[in-house]
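[1] sequence and predicted structure are below.
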Amino acid sequence: MTSSNDREILRLRIEYEITHAVGELPGRSKNIYTALLLDARRQWRLLLHRSQPAPASRCDSLFLGPRGVFALNIVDELPGAAQIRRLRAQAEQLVAGVTIAPHGNEFVRETVELVFVLPVGQPPATDGRFVVTTDATLRSLLTRDRVMTAAAADALAEHTGRRSTDYQLIPTIVPAQAAETDGLLEVADLRADQVTEALARPFPSWLAFLDPAQNALVSRDYNGPARIVGPAGTGKTVLALHRMAYQSRRSTGPLLYTTLVKNLPPYQKTAFARLSPCTADRAEFTNLHAWARELLTRRRIPVAMDMDRADNAFAMAWSRAGAHGPLAEISVDIRYWREEIDRVIKGRGLGLDDFAQYAALRRRGRRVALHDAARTRVWDLYRQYERLRREARFHDANDVIALALNQLRVDPLERPYAMVVVDEVQDITVQSLRLVHELTGNAANALLLVGDGQQRIYAGGWRLVDAGIHVVGRSETLTKNYRNRRAIVEFAAALPGAASIRDLDPEDSHLLARAGAALPGGRVDRWSGRSDDLPAAVIGQIRNLRAAGVADEDIAIITMTVFEADRLLRALERAGIPTQNMERFHGADDDAGVKVGTVYRAKGLDFRAVIHPFAEPAPPTTDAERERHELTMRQQFVAVTRARDFVWLGVVRD
């Protein structure tokens, strides 16, 4: 513990170093900087402009540490908007292009926080574009979540100090403490095994550093809707969150991150709050159907979405209009015809009077050729289902999207979104695409679509132009895999589900087999056996992973069905293994236990180790069965690519 006398001696030493470096400072500035360094100690560095206060359009100082990079401006009142923009541009330029050798990741300059320090008193409310504190509350910067290691911050400060003639780096006062044991990326003498070691730990290094190819896209200007594509593990969502943070610091409007997956938005909300804490309250993270229902509720539009009743109504419609006719001769699998109506007909916004459009429609993503007579029968099935649904007075998922879309067309949002990010876009419908497009129109940098056709796990396909969205010249393809170790990339790329998808935009342009793996090593184990033996095999594998040092919270069991997930949850609980249903996993630090859930819930997530039980399907004999088989194998592909270091594929043969 430091005594009051030791603290006073340290304070005097800090004052001396500041004065020796840049000369005498105004009393308020000297007190602020001295107090900051006194509290921050070894893990933080200060670069002071050689003139204090700094000239116009120059920040007074840069304060760098594990919690972020802050461009400090000690002022009596906030400057105007134009001056704020100039200060931000100068602050970002100071750290632009700084790389971490030897793997070459760049510091993301857009993550620099612009901070205005006002005299003691209540600071004015802000919208997150910059931080406002007082002399007394500035220390709150030291309590934020980590975004980099102390070593990385130190190297960043040293590099910036060497290349800037306007700023002087204040020497560290406190001797270096014991080496950090947080397992994060180190800057000096970084070896390849240290890079891979970092990804085995929970800390997200992408909060501060990105690959140069990704970093260049964070601030790229698009004059309309844009798209990011790339195979699994290439950092599409990471880049999208960085772009969202970038736009949030340059706008005052609300932001929206949405997707079809229900549990993914809360997970990304946690990540965004660490990436951009000052704008997190302006960002909405929600499932697209939940957003649509909320809109309808606010506008007092009655909505009664009930998917259980939808299942029952369709089963009844099938028994009346499909089970004993020509459609059953094509496929007896009720799921095929449910998907035809959900994804091809209602998913494209075709109403009961639009049979002519359906008759002429190219059914992308569907193998079975339906001629006029068969399409007429499908339409009869659709009419029967809609009659039952309306009689029962409930809505299905497509109805909710259609109602919200109609509302926006009649009465647009009073306060438009500054930016909308749609993740896993390959799995939403054409109507859903129209809905998100309606939120932003063709405004510059406002709509970002993120996805990968190779990871599509729902039936059907589309082109963006089907929804009136054009991204020519505004589409980016990421090609380097940062998530999966090389052995996992090679294994996943050889799976049947990794085949090219020709029914989504763009065609056959981004396959995992063509992606370079950034991480060496990795392990894939396989098991095959009877269904009755599966729980014991899974439990044994978890114990093996534990023995290898893998924590329970870094393990995920990804199943194909809810039934199998529930079965394994019960088996693990009986064995005394802590679990967490993946539907309730939000990526928070307290999310402990082995994660268990279906591939639908694992979309967009990643884990150190993945256990994937897989019931081997029978060989397909018809086009409908081949289509179902391809969909199943793509789901297997998605499950396997959630793994960073280790995959266990358990094939059930009965």
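    Sure thing, it's come through. All figures in this text were calculated on a predicted structure; none of them were measured in a lab.
[2] the nearest residue in space to residue 372 that is not next to it in sequence and residue 345: what is the separation?
    With sequence-adjacent residues excluded and distances taken as Cβ to Cβ, 6 or more residues apart in numbering, residue 372 is closest to residue 359, at 6.4 Å. For glycine as for every other residue, the C-beta is placed from the backbone atoms N, C-alpha and C. As judged by Cβ to Cβ, to the nearest Å, residue 359 and residue 345 stand 11 Å apart.
[3] which residues of the stretch 301-450 of the chain fall in strands?
    419-422, 447-451 (DSSP state E, counting those that start in this stretch).
[4] for those, which one sits closest to residue 229?
    Among those, the nearest to residue 229 by Cβ to Cβ is strand 447-451 (6.4 Å).
[5] would you give the sheet partners of that closest one, along with the direction of each?
    Sheet pairing of strand 447-451 (DSSP bridges) gives strand 226-229 (parallel), strand 419-422 (parallel).
[6] just those: most buried one?
    Of the strands paired with strand 447-451, the one with the most neighbours on average (mean count of other Cβ atoms under 10 Å) is strand 419-422, at a mean of 26.
[7] what does that strand rub up against?
    By Cβ atoms under 8 Å, 6 or more residues apart in numbering, the residues outside strand 419-422 that reach it are 240-241, 243-244, 247-248, 251, 253, 255-259, 288, 428, 433, 436, 439-440, 445-451.
[8] just the C-alpha atoms of that strand, please, in PDB.
    C-alpha atoms of strand 419-422 as PDB (Å, rounded to 0.1, in the frame of the first residue of the first chain):
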ATOM      1  CA  MET A 419     -27.500   3.300 -39.700                       C
ATOM      2  CA  VAL A 420     -29.100  -0.200 -40.000                       C
ATOM      3  CA  VAL A 421     -26.900  -3.300 -39.900                       C
ATOM      4  CA  VAL A 422     -28.500  -6.600 -41.100                       C
END
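[9] rebuild the strands of the stretch 301-450 of the chain as TSV, extending it with distance to residue 283 and mean pLDDT.
    Formatted as TSV, those follow (distance: least, Cβ to Cβ, whole Å; pLDDT from 0 to 100):
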stretch	distance to residue 283	mean pLDDT
strand 419-422	9	98
strand 447-451	13	96
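[10] tell me which of those strands sits nearest to residue 172.
    strand 419-422 (39.3 Å).
[11] pLDDT weak spots in the protein?
    1-3, 41, 100-104, 173-205, 500-510, 588-590 (pLDDT under 70).
[12] on the three-state scheme, the residue positioned nearest the centre of it is what?
    Geometric centre of the chain, nearest residue: residue 237, 3.9 Å, by Cα atoms, centre = their mean. Under DSSP: H, G, I helix; E, B strand; the rest coil, residue 237 falls in the helix class.
[13] repeat that for the one 10 residues further on.
    Classification of residue 247 into helix, strand or coil gives helix, according to three-state DSSP.
[14] so how many other residues sit close to it?
    By other Cβ atoms under 10 Å, 22 other residues sit near residue 247.
[15] all strands of the stretch 451-600 of the chain, in order?
    Using DSSP E, counting those that start in this stretch, strands in the stretch 451-600 of the chain cover 475-477, 480-485, 516-519, 523-529, 555-559, 579-581, 594-598.
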